[in-house]
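Just the structure for this:
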Amino acid sequence: MLSFQIISTIRLGIKSLLLHKLRSALTMLGIIFGVCSVIAMLAIGEGASYAAQEEIKKLGSNNILIRSLKPPEAARQQASGGPGPRGMSLKYGLTYEDGARLQSTIPGVKRVVPMRIIRENVRFGRNEVPCQVIGTLPFYTEVTSVDLVRGRFLSDLDELHQNNVCVITTGLAQRLLPTEDPLQHSVKIDAFYYRIVGIIRETAKAEQRAQAGKMEGQPLDNNVYIPLSTSRTRFGEVLIRRTAGSFEAEEVQLHQVTVQLQDTAAVETADPQIRTLLKRFHDQNDYELVVPLELLRAAEATKRRFNIVLGSIAAISLLVGGIGIMNIMLANVTERTREIGVRRALGAKRRDITMQFLVETVVLSVGGGIIGVLVGMLTPVVVSMATEMKTIVTLWSVLVAFGISGAVGIIFGLYPARAAALLDPIEALRHE
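Predicted structure coming up:
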């Protein structure tokens, strides 16, 4: 009996709304746009945060990156007139001894991967591309996020015998050898030829590029990997960069050292120990530490704050939609005062009147919520297609938006429903 009464009340509420289709549709628009904006804005924020966190994860949450940094006073000196007296080079940055100390001294260290980054032009036939020549060890791929596409990476024998072999990125292979099989050819770097033994896929970071000088206008994935021992032998310890009318001579043994720890707990304890160790052997501020784990946690905290801000802004639309529902329902109560009086005279109780008007508001809000969810899930797809921006629609954002829309219907519909139920039946019958 009770369920039949509830169904009858719902049918009556829907019938009342259908008598004014346009007004009901316009009332639902506030809820539709509110739910849509909540889902869409959170999806855009989630996608942007995900993309940033993925870039940080590529650096490795178990890694600590140490980079050579030109001292501020040396940079000012070069900007004002060159590196120093003629024939002298600027010496700074990380050393091979630093790498050995980190491996043997810091607890929890799994691997230490040194890197030399040299800016050179790479040639094949008539093609010439400005690149970063990176000297490193064979287990570089085990520490960083790169995918071996074809061939192999550098081997221990290459490092031991200082072989003239190289591994290039997919982007460089397309630019340098667009119509050839790279694994069947060699490229010329400086005065030496290097046989291509492998192709890898990566996304080079601007932070890496800055170590070896600026390369404005050049793609970020123009990287060539050679054995570290070969790099020392072929290029020497002093790197000379010539420009129009001048040159810069710098002695940098290692441009970057990646320290891989056993786990994230070891990262937190190793960070201060590495800083203390390096400070002991470096008189000048010629290095910097990048801890991806800290960057990742900061990105996650920023994401949470970003979601709160976006959600709060979008929730205002739902609030406006709720006010619209209350306004329309109060007008309905005024218009249907005589109807309410007739129903009360025929035996309807206050809770019946309350339920009727409350059902109408819930139908408006839930119906608008369903449409808003559909539009809200479609909007991020359109945004991704139009802007190539990554968007992620999460289940919790859909549930929260829909739940709020239902709550808005109950909260903002309760007062008009209660006001209708409290009308005096005799006065309601007299209403014109």
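
quick one: contacts for T179?
Listed by CB atoms under 8 Å, 6 or more residues apart in numbering, T179 has no contact partners. (C-beta placed from N, C-alpha, C; glycine too.)

Tell me how far it lies from Q103.
Using CB to CB, to the nearest Å, we find T179 at a distance of 44 Å from Q103.

any idea how far A421 lies from R11?
Counting by CB to CB - A421 and R11 are separated by 19 Å.

ok, the two, which is more surrounded?
A421 (21 against 11; other CB atoms under 10 Å).

Just the pLDDT for Y140.
pLDDT, Y140: 90.

now it, nearest residue through space, not along the chain?
Ranked by CB to CB, 6 or more residues apart in numbering and with sequence neighbours excluded, the top spatial neighbour of Y140 is V113, at 5.5 Å.

mind checking the SS state of that neighbour?
strand (DSSP: H, G, I helix; E, B strand; the rest coil).

Tell me the bridge partners for it.
Counting by DSSP bridges, V113 forms beta bridges with T258.

contacting residues around it?
136-137, 139-140, 143-144, 257-258, 260.

Make a ChimeraX selection of whichever of those turn out to be buried.
Those of these that count as buried under 16 or more other CB atoms under 10 Å are selected in ChimeraX with:
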select :136,137,140,143,144,257,258,260
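
Among the contacts of V113, which are located in helices?
140, 143 (DSSP state H).

Save the contacts of V113 as JSON lines, and put in distance to L26 too.
As requested, those are arranged in JSON lines below (distance: CB to CB, whole Å):
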{"residue": "T136", "distance to L26": "65"}
{"residue": "L137", "distance to L26": "68"}
{"residue": "F139", "distance to L26": "65"}
{"residue": "Y140", "distance to L26": "62"}
{"residue": "V143", "distance to L26": "60"}
{"residue": "T144", "distance to L26": "56"}
{"residue": "V257", "distance to L26": "64"}
{"residue": "T258", "distance to L26": "60"}
{"residue": "Q260", "distance to L26": "61"}
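
just the contacts of V113 now: which is nearest F235?
Distances from F235 to those, taken as CB to CB, are shortest for T136 (13.6 Å).

All the strands of the stretch 51-200 of the chain, in order from the start?
Ranges of strands within the stretch 51-200 of the chain are 63-68, 90-91, 109-124, 127-136, 147-151, 165-169, 186-189, 192-201, based on DSSP state E, counting those that start in this stretch.

Nearest to I7 among those strands would be which one?
Between I7 and the strands of the stretch 51-200 of the chain, the tightest spacing by CB to CB is seen for strand 147-151, at 59.4 Å.

how does the chain divide into domains?
Following the assignment in automatic domain parsing, the chain carries domains at 2-54+298-430, 70-285.

can you list the ones you listed in a markdown table and add distance to I64?
Below are the domains of the chain laid out as a markdown table (distance: least, CB to CB, whole Å):
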| stretch | distance to I64 |
| --- | --- |
| domain 2-54+298-430 | 15 |
| domain 70-285 | 5 |
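
Those domains: which one's closest to P292?
So among those, domain 70-285 is nearest, using CB to CB, at 8.6 Å.

end-to-end on that closest one?
In domain 70-285, first residue to last residue: 8 Å (CA to CA, to the nearest Å).

about what we covered before: do you know which of the domains of the chain lies nearest N62?
domain 70-285 (5.0 Å).

any idea how far that closest one is from the chain center?
Mean-position distance between domain 70-285 and its chain equals 26 Å (CA atoms, centre = their mean, to the nearest Å).
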